[in-house]
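A.B. asks: Fold the following.
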Amino acid sequence: MPRSRINGNFIDKTFSIVANILLRIIPTTSGEKEAFTYYRDGMSAQSEGNYAEALQNYYEAMRLEIDPYDRSYILYNIGLIHTSNGEHTKALEYYFRALERNPFLPQAFNNMAVICHYRGEQAIQQGDSEIAEAWSDQAAEYWKQAIALTPGNYIEAHNWLKITRRFEFE
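C.D. replies: Numbers count the residues shown, from 1 in each chain. Purely as a prediction, here's the structure:
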């Protein structure tokens with residue numbers, strides 16, 4: 001039985017009902033519908049912390065989905081899972097792949113910046129200031145891109161950029 005039919009969460013059930021109605025109304029191929037079903041089931045599993053199941057659903061959605069924009073969100077969610085699992089190199093790879101298909105994902109730039117900032121902080125703790133500076137500079141570049149796409153968001157990143165003098169805002 002598909003996950004979307006067994007989930008007890010009210011919001012997930014509501015989303016599933018609306019999504020099913022839209023799938024019937026909007027002209028889509030059976031492959032697109034199937035890809036969306038896997039994507040939806042992946043999101044549901046991910047929200048419950050069932051990352052292995054979520055990844056299986058996302059990989060199946062990737063196999064079926066042909067639209068680059070839709071694929072970008074699947075790749076982004078795979079990146080989120082790898083981030084949650086502490087697999088930062090894999091996460092960065094999936095965020096890059098998502099941005100290749102959709103360069104307007106500020107959340108991907110933000111998550112990449114957070115990983116780079118974290119690695120910079122780790123380098124500081126290990127006493128490697130040169131590596132720390134390189135990671136921090138990279139974090140700054142990603143945060144600049146996220147902020148450029150969504151001015152007014154990422155306030156903490158904005159403040160960090162100002163404090164560290166990595167970006168002058170008007």
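A.B. asks: any low-confidence regions in this protein?
C.D. replies: 1-13, 15-17, 19-27, 168-170 (pLDDT under 70).
A.B. asks: Figure out the helix or strand that the residue nearest the centre of it lives in.
C.D. replies: With distances taken as CA atoms, centre = their mean, the residue of the chain nearest its centroid is residue 76 (3.3 Å). Residue 76 belongs to helix 68-84 when elements are defined using DSSP states H and E.
A.B. asks: give me every residue that touches the closest residue to the residue nearest to the centre of the chain other than its chain neighbours.
C.D. replies: The spatial neighbour of residue 76 that comes closest, neighbours along the chain excluded (CB to CB, 6 or more residues apart in numbering), is residue 98 at 4.2 Å. For the C-beta atoms, the positions are set from N, CA and C on the backbone; glycine is no exception. Going by CB atoms under 8 Å, 6 or more residues apart in numbering, residue 98 touches 72-73, 75-76, 79, 105, 108.
A.B. asks: So which residues of this structure form helices?
C.D. replies: Defined through DSSP state H, the helices belonging to the chain, from first to last, are 3-6, 10-25, 30-47, 51-64, 68-84, 88-101, 106-125, 129-149, 155-163.
A.B. asks: what about the nearest residue to residue 112 once chain neighbours are set aside, how many neighbours?
C.D. replies: Spatially, and ignoring its direct neighbours in sequence, residue 112 is nearest to residue 142 (4.6 Å; CB to CB, 6+ apart). Using other CB atoms under 10 Å, residue 142 is surrounded by 24 other residues.
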